[in-house]
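1. below: sequence and its predicted model.
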Amino acid sequence: MSTIRQLHLAPGGFHFGAAPLHLSTLLGSCVTVTLWHPRRHIGGMCHIQFPRRTTHAAALDGRYAEDAFALFDQALERHGTCAHEYITKLFGGGNMFPGTGASTIDVGNKNLAAARRQLAARHLKPAVEHVGGAGHRKLIFDLASGDVWLAFSNLEPLKETASG
């Protein structure tokens, strides 16, 4: 009997590994990118919390888009693979405060734009996307198959109608 390891990524989390492994995370305005190598059954997931750093730091921090992708670059180099060998998927960037006027902050769209810039810099186009909207997502990424299971909870406000 095979046991599948489970690892949950908190905001800023990053993991690159091999099957059998399920990586999971919960997203609101944060963004997750998955990379999966279909022949080697290896891959990784990041949980981007912010589009960019506001201060300089020596160590990479997966909370920031540029750093999360630098962590991917390091992992691919360690495994002797190239980015174009991977299937890429993109998730998240939701509006967590629909109908409140707080969307002027627009963290979700800023996170998505930052992730898309990093993908484009590596000539990667997501094979699958589930992004934006008002709500949160729960993801499970299977490194054996490359499948991502997603549950989306919609937070769109209901419109009231007058009766009578």
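-> Received, thanks. Residues are numbered from 1 along each chain as shown.
2. now do the same end-to-end measure for stretch 73-83.
-> Using Cα to Cα, to the nearest Å, the end-to-end distance of stretch 73-83 comes to 8 Å.
3. who's in contact with it?
-> 16, 35, 37, 40, 42, 44, 60, 72, 86, 122-124 (Cβ atoms under 8 Å, 6 or more residues apart in numbering). The way it works is simple: take the backbone N, C-alpha and C, and place the C-beta from them, glycine included.
4. run through the bridge partners of residue 50.
-> Residue 50 has these beta-bridge partners by DSSP bridges: residue 64.
5. low-confidence ranges in the protein?
-> Within the chain, the stretches with pLDDT under 70 are 1-2, 98-105, 156-164.
6. so what's residue 69 closest to, chain neighbours aside?
-> Closest residue to residue 69 apart from its sequence neighbours, by Cβ to Cβ, 6 or more residues apart in numbering: residue 118 at 4.1 Å.
7. if I pick that neighbour, what's in contact with it?
-> 65-66, 68-69.
8. next one: phi and psi at it?
-> For residue 118, the backbone dihedrals (degrees, to the nearest 10) come out as phi -70, psi -40.
9. tell me the one of the contacts of stretch 73-83 nearest residue 148?
-> When the contacts of stretch 73-83 are compared for distance to residue 148 (Cβ to Cβ), residue 35 wins out at 11.5 Å.
10. pull up the gap between that closest one and residue 57, please.
-> For residue 35, the distance to residue 57 (Cβ to Cβ, to the nearest Å) stands at 24 Å.
11. neighbour count for the two, which is higher?
-> Between residue 35 and residue 57, counted using other Cβ atoms under 10 Å, residue 35 has the larger neighbour count: 25 against 9.
12. isn't the more buried one right up against residue 23?
-> No: counting by Cβ atoms under 8 Å, residue 35 does not reach residue 23; the two are 11.1 Å apart.
13. overlap in contacts, the two.
-> With Cβ under 8 Å, 6+ apart as the test, residue 35 and residue 23 both reach 44-45.
14. go ahead and flag the most central residue of the protein.
-> residue 32 (0.3 Å; Cα atoms, centre = their mean).
15. before we move on, what SS does that residue have?
-> Three-state call for residue 32 (DSSP: H, G, I helix; E, B strand; the rest coil): strand.
16. how much space between it and residue 119?
-> The gap separating residue 32 from residue 119 is 12 Å, by Cβ to Cβ.
17. noted, bye for now.
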